[in-house]
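1. I'll drop the sequence and a predicted model, then ask my questions.
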Amino acid sequence: MYKILKKQELTTNIYLMDVEAPRVAEKCLPGQFVIVRMDKDAERIPLTICDYDRKAGTITIVFQTVGAGTNMMAELNEGDSFHDFVGPLGCPSELIKEDLDSLKQKKILFVAGGVGTAPVYPQVKWLKENGVNADVIMGSKTKDLLILEKEMAAVAGNLYITTDDGSYGRSGMVTQTIKDLVAEGNHYDVCIAIGPMIMMKFVCLLTKELEIPTVVSLNPIMVDGTGMCGACRVTVGGKVKFACVDGPEFDGHQVNFDEAMRRQTIYKTEEGRAMLALQEGDTHHGGCGNCN
Amino acid sequence: MTKVPVREQDAKERATNFAEVCLGYNMEEAQCEASRCINCKNAQCIKGCPVAIDIPAFIHEVKEGNIEKAYQIISESSALPAVCGRVCPQESQCEGKCIRGIKGDPISIGKLERFVADWARENGIKPQGATEKKGKSVAVIGSGPAGLTCAGDLAKMGYDVTIFEALHEAGGVLVYGIPEFRLPKEAVVAKEIENVKSLGVKIETNVVIGKSVTIDELMDKEGFSAVFIGSGAGLPKFMGIPGENSNGVFSANEYLTRSNLMKAFNPASPTPIMRGKKVAVVGGGNVAMDAARTALRLGAEVHIVYRRSEEELPARVEEVHHAKEEGIIFDLLTNPTEILADEKGWVTGMKCIKMELGEPDESGRRRPVEVPGSEFVMELDTVIMSLGTSPNPLISSTTEGLETNRWKCIVADEENGKTTKEGVYAGGDAVTGAATVILAMGAGKAAAKGIDEYLSK
């Protein structure tokens, strides 16, 4: 069993947990993910790894409550256990395979949107530990939804915060901050954008224009996470890839985001909602605002 | 003397439930069927069995009513008799070689094996474990038929065996692939796995070899003297036709995993599954039949779309027969060319072309060729691709010295499972590509022998 050693509500509906998973903690690298199940009949839920402690044998996960599964997960407390916790899955971030000296010469920009801040954090932290300072843009809808600000500030080179409603930091979408930074004379060799699919799509449209190579981390629907089911297939550069084994990181300028976003809604149609309402009772039939 | 027919759930009734189709023999029926066996001296049936069960011997015990004895005879060769009795292609193996089959019906060996295994389970009979320990440990990767068999055999020889399973539940294809109505999970599969565990085999779930830990680490750091790879078939194939990523197109692996492993067929399961109104399953193998019959039970009108003719269907005759009885429609000599979708990306239909059979190809089967001008559109809301799999590179790409062939399958000696890496053995679909449960078990068995020889040196 995979014991929860720490639980923290980062902000409304976003939770952080440290979970005992020695095999995963021993091997994981930034960019990889895990799949968890809270009890013996639960769904398999993929989550990116936010942090890891090899000595303590723990993995830090961050999740937002969006459906029945994550809502039930949020009710777990310190001392409780996950029934299943498997990983690390997917390929580690390309960055960490690069030569450190050449990496140090590069200007790297991370763009983190919402709960996507969680998977950005270990990459920035890894770079910092290896002597590379990366700039980070963190965006959220509003000040209250911002997570891991202090942690990120401790590992980022320059940290730029922006909120859609202007309640904190800069005002506007992350794309506005990218434009501003470039207009202010900043040059970036590479951009890593992780957040909601729609954010990654617009970041990529912009960075293509600005000619900044961009890596994104995709979170499509998946079941097993080891390449067996093919639910997570995405089109990248005209070729079909499985996000779980070929990704989750891909060249953002090559990703067919419209298809990927469409595929994320497979179980969220009107009929799907009706089915879920039937299956789960009064929990999930649209209108929650999280699954439009 | 004709064979004793086996009782089955009525086709109309079973098309709406997930309960087992075949009800099996009772004691009287089993003894009656067993009495048809002429106990050949040079028994051909044994030669047809990939794990070489002493078939005439166990059937003799059934005839005499010594079912426990019959079970121990089967257990000497097979770790999963309740599974094999249900899913082995007996018609092309033991029963295909039965002398009785030359003039009339062969002995229903599979149904008898199933009877014996079910009887043993219901009466709490367990297989016999090792009496002496070897003091060496072996890691088995994957808890499907190859892994369970290899682990069971090694444990019986006295090895300390740990199985590593990537999913949250042990059983491999027996759990995620083969549906409940063909192979009950709780009643049969879980109990067979319990039997393997009762031999002392440990199973660690949620470990992805190649990711959580590598083969080299298992051998160098975790103290395993040998490793058996039975990691299964791998990644689902798609056709590569336009529209294949539309919403409503699934691999059979995904569809079946949702229904079988995640229990999505049960409305109480939190895992969703698409319950289409009109479904096409593309492909003609056992997996296609399983996907089609699952979709039917979830309420759909289901079409099997296959590019060759009925004769070439790779699925077992019994499966095709059951599918037809239940109302699956077979659109043979038909090949999809494009999947059509609405403006939101949801499947609305599938463009197909009629085929005819030409000259035999390298597989010996007549090659299907397109009939010019025969395109037509099938209206559908769901398409399930059941076209086989390609090997998963997770293990081969992280294990130095482990050779793969040009199809990326692991190279292993058929005789003893030996790979190109010392101490590492392999068998099952990871070596052969997608095949059957019993062939995987045969390979697991051969590898257990190979590993024992290696560790006894």
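-> Happy to help now that I have it.

2. residues contacting residue A:37?
-> A:43-45, A:82-85, B:168 (C-beta atoms under 8 Å, 6 or more residues apart in numbering or on different chains). From N, CA and C alone the C-beta is placed, and that goes for glycine too.

3. Likewise for residue B:55?
-> B:43, B:45-46, B:49, B:94, B:109.

4. contacting residues for residue A:207?
-> A:178, A:191, A:193, A:213-214, A:252-253.

5. Helices of the stretch 201-350 of chain B, residue ranges please.
-> B:215-220, B:252-260, B:286-297, B:317-326 (DSSP state H, counting those that start in this stretch).

6. Check which residues of the longest one are buried.
-> Looking back up the chat, that one is helix B:286-297. Within helix B:286-297, the residues that qualify as buried by neighbour count (16 or more other C-beta atoms under 10 Å in any protein chain shown) are B:286-297.

7. again, but for the last one
-> The neighbour-count criterion (16+ other C-beta under 10 Å) identifies B:318-320, B:322-323, B:326 as the buried residues of helix B:317-326.

8. for the shortest one, same thing?
-> Taking 16+ other C-beta under 10 Å as the basis for neighbour counts, the residues of helix B:215-220 that come out buried are B:215-216, B:218-219.

9. got a list of contacts for it?
-> The set of residues external to helix B:215-220 that reach it, using C-beta under 8 Å, 6+ apart, is B:139, B:141, B:209, B:224-227, B:229, B:395, B:398-400, B:402, B:421, B:423-424.

10. How far away from the center of its chain is that helix?
-> 29 Å (C-alpha atoms, centre = their mean, to the nearest Å).

11. C-alpha coordinates for it, PDB please?
-> Provided in PDB are the C-alpha atoms of helix B:215-220 (Å, rounded to 0.1, in the frame of the first residue of the first chain):
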ATOM      1  CA  ILE B 215      16.100  -6.400 -15.600                       C
ATOM      2  CA  ASP B 216      19.800  -5.600 -14.800                       C
ATOM      3  CA  GLU B 217      18.800  -4.100 -11.500                       C
ATOM      4  CA  LEU B 218      16.600  -7.200 -10.700                       C
ATOM      5  CA  MET B 219      19.600  -9.400 -11.200                       C
ATOM      6  CA  ASP B 220      22.400  -7.200  -9.800                       C
END
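
12. pLDDT of it, averaged?
-> Summarised as a single mean, pLDDT over helix B:215-220 is 96.

13. tell me the contacts of residue B:165?
-> Residue B:165 makes contacts with B:142-143, B:172, B:203-207, as judged by C-beta under 8 Å, 6+ apart.

14. Go through those and give me the one with the most neighbours.
-> Neighbour count (other C-beta atoms under 10 Å in any protein chain shown) singles out residue B:142 as the most crowded of the contacts of residue B:165, with 32 neighbours.

15. near chain B, which residues of the stretch 101-250 of chain A?
-> Counting by C-beta under 8 Å from any C-beta of the partner chain, the positions of the stretch 101-250 of chain A adjacent to chain B are A:223-224, A:226-231, A:233-235, A:240, A:242, A:245.

16. Would you mind giving these as CSV with neighbour count, pLDDT and secondary structure added?
-> Shown next, in CSV, are those (neighbours: other C-beta atoms under 10 Å in any protein chain shown; pLDDT from 0 to 100; DSSP: H, G, I helix; E, B strand; the rest coil):
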residue, neighbour count, pLDDT, secondary structure
A:223, 26, 93, coil
A:224, 25, 93, coil
A:226, 25, 93, coil
A:227, 25, 92, coil
A:228, 27, 93, coil
A:229, 27, 93, coil
A:230, 25, 93, coil
A:231, 24, 94, coil
A:233, 26, 95, strand
A:234, 23, 96, strand
A:235, 18, 96, strand
A:240, 15, 94, strand
A:242, 23, 95, strand
A:245, 22, 93, helix
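
17. any chance of the residues you listed in TSV, with distance to residue B:251 too?
-> Formatted as TSV, those follow (distance: C-beta to C-beta, whole Å):
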residue	distance to residue B:251
A:223	10
A:224	11
A:226	13
A:227	11
A:228	9
A:229	6
A:230	4
A:231	8
A:233	9
A:234	14
A:235	16
A:240	11
A:242	10
A:245	14
